[in-house]
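Participant: heads up, no residue letters with this:
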Ligand code: FES
């Protein structure tokens, strides 16, 4: 099992959360299975950006993003060098520290 730490997010997990995850599980599934309602508007088909997360530690342990993922990430709100789509990034064997961005593109649109 690999430890996955979610940093606090105001709405989704105000206290943050540390969970043990089976390698091969996506960050999105790991969140959902533990009661963190990470958005996944395209049902994890690598066709939206609502599952965007930023991997602050352990980024290098993840398999590289596909071109499709990279193209989508370019459109994500709050893109960082260590951004990934949560449904595409599979937990490997290194501990991960993950931030759920404050907004998704859906919210960002509503606010403009
Ligand atoms: S849920 Fe749409 S890309 Fe992850």
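Facilitator: The structure has been received and is ready for your questions. A quick note: this is a predicted structure, and the numbers were derived from the prediction, not measured.
Participant: burial of residue 68, as a residue count?
Facilitator: Applying the criterion other Cβ atoms under 10 Å, we find 13 residues in the vicinity of residue 68. For every residue, glycine as well, the C-beta is placed using N, CA and C.
Participant: quick one: pLDDT of the nearest residue to it once chain neighbours are set aside?
Facilitator: The shortest distance from residue 68 to any residue other than its chain neighbours is 5.4 Å, reached at residue 46 (Cβ to Cβ, 6 or more residues apart in numbering). Per-residue confidence for residue 46 comes out at a pLDDT of 98.
Participant: contact partners for residue 46?
Facilitator: 66, 68, 69, 72, 85, 87, 88 (Cβ atoms under 8 Å, 6 or more residues apart in numbering).
Participant: just the mean pLDDT for the strand or helix carrying the third one, thanks.
Facilitator: According to DSSP states H and E, residue 69 maps onto helix 67-73. What helix 67-73 shows for mean pLDDT is 98.
Participant: repeat for stretch 50-57
Facilitator: Predicted confidence along stretch 50-57 averages 98 (mean pLDDT).
Participant: got the residues of this structure near the ligand?
Facilitator: Within the chain, the positions lying close to the ligand (Cβ under 6 Å from any ligand atom) are 28, 40, 41, 42, 44, 46, 47, 48, 50, 51, 85, 87.
Participant: in strands only, show me those.
Facilitator: residue 85 (DSSP state E).
Participant: widest-spaced pair of the residues of the chain next to the ligand?
Facilitator: Of all pairs drawn from the residues of the chain next to the ligand, the one with the longest distance (Cβ to Cβ) is 28 and 47, at 13.1 Å.
Participant: those two: which has the busier surroundings?
Facilitator: When residue 28 is set against residue 47 and neighbours are counted by other Cβ under 10 Å, the residue ahead is residue 28, at 24 against 12.
Participant: got a pLDDT number for that one?
Facilitator: The pLDDT attached to residue 28 in the predicted structure is 98.
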